[in-house]
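A.B. asks: Predicted coordinates and the sequence they were generated for:
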Amino acid sequence: MVKKLVLCTVLVSGLLSGAAFSVFAADSYPQRPIRLIIPYPPGGAGDIVGRMLAGSLSTAFGQQMVNDNRGGGGQVIATQIAAGAAPDGYTLFLASATHSINPALRNNLPYDTLKDFVPITLVAESPLVFVAHPSLKVGSIRELIAAAKAQPGRINYASSGPGSGGHMSVELLQSLTGINVVHIPYKGAGPALVDVVAGQVQIICTSPLPSMPHVKSGRLRALGMTSLARSPAYPDIPAVSETVPGYQSTLWYALLAPARTAPAVINRVHAETVKSLAASQMREQLLALGATPVGNSPQELQAFIGKEIQMWTRLVKQANIRLDP
C-alpha cells in the first residue's frame with residue numbers, strides 16, 4: 001500500500017511538473033532569435049510576405065525573427081530542412097501553395113506534407129497575374145492564347161520552379177485552352193521576374209506584389225488576374241476567367257512548425273501572428289500589394305491544406321501534368 005502511494009505521488013508530481021514547465025515555456029518563449037525558413041530566394045512575393053511577417057513578430061516577441069531564404073528544388077529543399085528542424089519553436093516555416101502541389105506532382109518526397117508539420121495559421125491569400133514583356137506584343141489573355149496557337153512551342157514562360165503556383169497556373173491555362181508554351185523554371189520568383197523584365201523570357205504568371213511596379217513603369221504588360229473575379233486591388237486588370245470561363249488559381253502563404261512542437265508554443269505564435277495580421281499597418285501593406293490577410297485557426301489551416309492537395313491531385317491526373325525532366 002505504501003509503495004502504491006509513493007508511486008502515485010511520483011506520477012502526480014511528474015504531471016504537475018510537466019504542466020508547470022509547459023506554462024513556463026509559453027510564458028518565457030521566445031528567449032532567443034527565431035528562424036523563419038522561406039522557400040524562395042530574396043526578391044519574390046514569398047520573401048516580401050515573409051519579411052513583413054518577420055518584422056511584425058520581431059516586435060511582438062521582443063526577439064529578432066531571422067529570415068532564412070532557401071530557394072530551389074521546387075521548394076523541397078527548404079521544406080525538408082524545416083521538417084527536420086528541432087521542434088522547439090525556434091524554427092518556423094512559411095509554406096506556400098507549392099506545399100500542397102508537390103504531393104500531387106512528386107513521388108517519394110523526403111517528408112510527409114501533413115504529418116511532419118504542425119499548422120499555425122493561413123497568413124494571406126493572393127491572386128497571381130499574367131504579365132508579358134512588351135516584345136511579345138500581346139495585351140490580354142485572349143491575345144496571348146491567339147499568339148500561342150499561332151506559334152505552338154515558340155512562346156516561353158518563366159516560373160519560380162517546377163510545381164510552383166506560377167507553373168501550375170500556366171499548366172492549367174494550357175489544359176483549358178489547348179495552347180502549348182514552353183516552361184523555363186528558375187530557383188525563385190525573383191530571378192524569374194528579372195529575366196522577364198529583361199526580355200530573356202516572354203511571360204510569367206506570378207504574384208502582383210513584385211510584378212505590378214514593373215507594369216506601372218511600362219516594363220511589363222498585365223494580361224489577366226487568376227482570381228475568379230477581378231481583384232479589388234487591381235480592378236482595371238481583367239480576370240482570366242473573363243476569357244476562359246471557370247479559370248481560377250490563387251497563391252497562399254501559411255505559417256507552419258516542425259511536428260511535435262509544443263502546443264503552448266504553437267498557441268503563442270498563433271496568437272501573435274493573428275494579432276499582427278489584424279493590425280491596420282500589416283493589413284494595409286498586404287492589401288496594397290493585392291494580398292488578403294487571413295489568420296485562421298490551426299485546425300482550419302490543416303483542413304485547407306488537405307483540400308488543396310486533393311484539388312491539385314485531381315488536376316494533375318486530369319490534365320496529365322508532368323514535371324519537366
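C.D. replies: Great, that's in hand.
A.B. asks: How confident was the prediction at the residue sitting nearest the centre point of the chain?
C.D. replies: The centroid of the chain falls nearest to residue 96 when counting by Cα atoms, centre = their mean (1.7 Å). According to the prediction, residue 96 has pLDDT 92.
A.B. asks: next one: residue 60
C.D. replies: 95.
A.B. asks: For residue 242, see how far away the residue nearest to the centre of the chain is.
C.D. replies: For residue 96, the distance to residue 242 (Cβ to Cβ, to the nearest Å) stands at 26 Å. From N, CA and C alone the C-beta is placed, and that goes for glycine too.
A.B. asks: cool, residue 272 as well?
C.D. replies: 40 Å.
A.B. asks: Within the sheet, what are the partner strands of the longest strand anywhere in the chain, with directions?
C.D. replies: For the chain, the longest strand by residue count, based on DSSP state E, is strand 117-127. Using DSSP bridges, the strands paired with strand 117-127 in its sheet are strand 250-258 (antiparallel), strand 292-293 (antiparallel).
A.B. asks: Export only the CA atoms of it, formatted as CSV.
C.D. replies: Written as CSV, here are the backbone C-alpha positions of strand 117-127 (Å, rounded to 0.1, in the frame of the first residue of the first chain):
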residue,chain,number,x,y,z
PHE,A,117,4.3,19.8,-39.7
VAL,A,118,2.1,21.5,-37.2
PRO,A,119,-0.2,24.1,-38.7
ILE,A,120,-0.3,27.5,-37.2
THR,A,121,-2.3,29.9,-39.4
LEU,A,122,-3.0,30.8,-43.0
VAL,A,123,-1.2,34.2,-43.3
ALA,A,124,-2.5,35.6,-46.6
GLU,A,125,-4.1,34.7,-50.0
SER,A,126,-3.4,36.5,-53.3
PRO,A,127,-4.3,36.0,-56.9
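A.B. asks: Mean confidence (pLDDT) on it, please.
C.D. replies: Mean predicted lDDT for strand 117-127 stands at 95.
A.B. asks: mind listing what's buried in that strand?
C.D. replies: 117, 118, 119, 120, 121, 122, 123, 124, 125, 126, 127 (16 or more other Cβ atoms under 10 Å).
A.B. asks: which of the residues you listed sit farthest apart?
C.D. replies: Spatial extent of the buried residues of strand 117-127 (Cβ to Cβ) is set by the pair 118 and 127 at 27.9 Å.
A.B. asks: where does the stretch 1-150 of the chain dip in pLDDT?
C.D. replies: 1-26 (pLDDT under 70).
A.B. asks: returning to what we had before: ok now the longest strand of the chain, how far from the chain's centre?
C.D. replies: Chain-centre distance of strand 117-127: 8 Å, with Cα atoms, centre = their mean, to the nearest Å.
A.B. asks: I'd like the next helix or strand past it.
C.D. replies: strand 129-132 (DSSP states H and E).
A.B. asks: Partner strands of that next one, with direction?
C.D. replies: strand 203-206 (antiparallel), strand 221-225 (antiparallel).
A.B. asks: what's the closest of the ones you listed to residue 107?
C.D. replies: strand 203-206 (25.2 Å).
A.B. asks: which residues sit against the closest one?
C.D. replies: Contacts to strand 203-206, defined as Cβ atoms under 8 Å, 6 or more residues apart in numbering, come from residues 44-45, 128-133, 136, 144, 155-160, 165-166, 169-170, 173, 181, 189, 192-193, 196, 211, 223, 226, 249.
A.B. asks: Tell me which of those fall in strands.
C.D. replies: 129, 130, 131, 132, 156, 157, 158, 159, 223.
A.B. asks: Take the residues you listed and write them to a markdown table, including distance to residue 88.
C.D. replies: A markdown table is the format used below for the ones in strands among the contacts of strand 203-206 (distance: Cβ to Cβ, whole Å):
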| residue | distance to residue 88 |
| --- | --- |
| 129 | 39 |
| 130 | 42 |
| 131 | 41 |
| 132 | 46 |
| 156 | 44 |
| 157 | 41 |
| 158 | 38 |
| 159 | 34 |
| 223 | 45 |
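A.B. asks: now those in JSON lines, with distance to residue 65 and neighbour count?
C.D. replies: Shown next, in JSON lines, are those (distance: Cβ to Cβ, whole Å; neighbours: other Cβ atoms under 10 Å):
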{"residue": "129", "distance to residue 65": "28", "neighbour count": "28"}
{"residue": "130", "distance to residue 65": "33", "neighbour count": "26"}
{"residue": "131", "distance to residue 65": "31", "neighbour count": "24"}
{"residue": "132", "distance to residue 65": "36", "neighbour count": "26"}
{"residue": "156", "distance to residue 65": "37", "neighbour count": "16"}
{"residue": "157", "distance to residue 65": "34", "neighbour count": "27"}
{"residue": "158", "distance to residue 65": "30", "neighbour count": "25"}
{"residue": "159", "distance to residue 65": "28", "neighbour count": "27"}
{"residue": "223", "distance to residue 65": "36", "neighbour count": "25"}
